[in-house]
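A.B. asks: only the shape, not the letters, is given here:
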């Protein structure tokens, strides 16, 4: 049995999982997710963040093997992806000099620091590949819908293998397999441009007055504790403040609009977000005959898996809904790529 730490380094969230791995099986020991918007911090603070997370999940134990998947290279903290990847890789190697660290690429292979060289761009945006690998080991044929705080991944698995030719963020946006909408950080104008208010259709403001986290909070989809990103106005994360933020979307306020009118705006926005995900699922499945069977397994995970992904799939007629939380637990499902990349490395190294 060997202990492995899996890392999922995103632009605003850093997640890690410590697992015990043995012969194709694993057990989660500790999980950690930290809100760390890299574009708002000095770069040396990322180094400290890695150490803090490592201490939180491993305590005083020195873990000898780490697996890393990166999506933070897209952050505008960096001039381009290559700069972002180089920075993150360098931080890992300086932070854990006595650890064997392997970085997942978009072909599903792991590269050590010395193997990266001109292959560095293949390390960009690979957390979904780790998730697909883990799910495929449990369900041979399925469509994965992974909805996090910021984005949605729609991943086809056929005959136990990832079934897509789209390996970069750009290609996945084009194919519908990557959707830039998530449970918390999605902005209102990215969801809809018109709302019905007082019986009439109104254009909305394109200011960042509210986030979808406000919508899901007032509709009771998430708790105040699950509202983990910053608010649009830096005011508290509670029901009354979320109502006030939502009212500004139509250039009103919480005195001009009644509570039920603001809640009606929230319901329209929720429906519009579900439709965005539903439309993307349709775009992905139209290429595959297997998905025409509405009993085809759907696997939902992530913060918004049940609230958004399951609802979107059911509206397309899918009835066989599976939850990764049944395998990883609720908390494990929310940080699935970090668990998955550690498990994947154990398999690849045949530990």
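C.D. replies: Okay, I see it. This one's a predicted model, so the numbers in the text were calculated from it and none came from an experiment. Residues are numbered from 1 along each chain as shown.

A.B. asks: in stretch 264-282, which residues are buried?
C.D. replies: 264-266, 268-270, 272-274, 276-278, 280-281 (16 or more other C-beta atoms under 10 Å). (C-beta placed from N, C-alpha, C; glycine too.)

A.B. asks: among those, name the ones in helices.
C.D. replies: 264-266, 268-270, 272-274, 276-278, 280-281 (DSSP state H).

A.B. asks: okay, now the domains of the chain?
C.D. replies: Domain ranges of the chain: 2-129+332-349, 188-274, per automatic domain parsing.

A.B. asks: lowest mean pLDDT across the ones you listed, which one is that?
C.D. replies: Comparing mean pLDDT across these, the weakest is domain 2-129+332-349, with a mean of 95.

A.B. asks: distance of the residue nearest to residue 226 when sequence neighbours are not counted from residue 216?
C.D. replies: Distances taken as C-beta to C-beta, 6 or more residues apart in numbering put residue 303 closest to residue 226, at 7.3 Å, once the chain neighbours are dropped. Separation of residue 303 from residue 216 (C-beta to C-beta, to the nearest Å) stands at 9 Å.

A.B. asks: my read: residue 332 touches residue 338, true?
C.D. replies: No - taking C-beta atoms under 8 Å as the definition, residue 332 is not a contact partner of residue 338, at 9.1 Å.

A.B. asks: between the two, which contacts overlap?
C.D. replies: Between them, residue 332 and residue 338 share these contacting residues under C-beta atoms under 8 Å, 6 or more residues apart in numbering: 17, 31.

A.B. asks: mind listing the helices in the chain by residue range?
C.D. replies: Going by DSSP H, the chain shows helices at 43-58, 81-95, 113-116, 127-136, 169-175, 212-218, 239-248, 259-285, 311-315, 325-334, 336-349.

A.B. asks: tell me what the fourth one is packed against?
C.D. replies: Under the contact definition 3 or more C-beta pairs under 8 Å, 6 or more residues apart in numbering; DSSP states H and E, helix 127-136 sits against strand 2-9, strand 65-70, strand 142-147, strand 152-158, strand 161-162, helix 336-349.

A.B. asks: what's the closest of these to residue 318?
C.D. replies: Proximity to residue 318, assessed across those by C-beta to C-beta, is greatest for strand 142-147 (8.1 Å).
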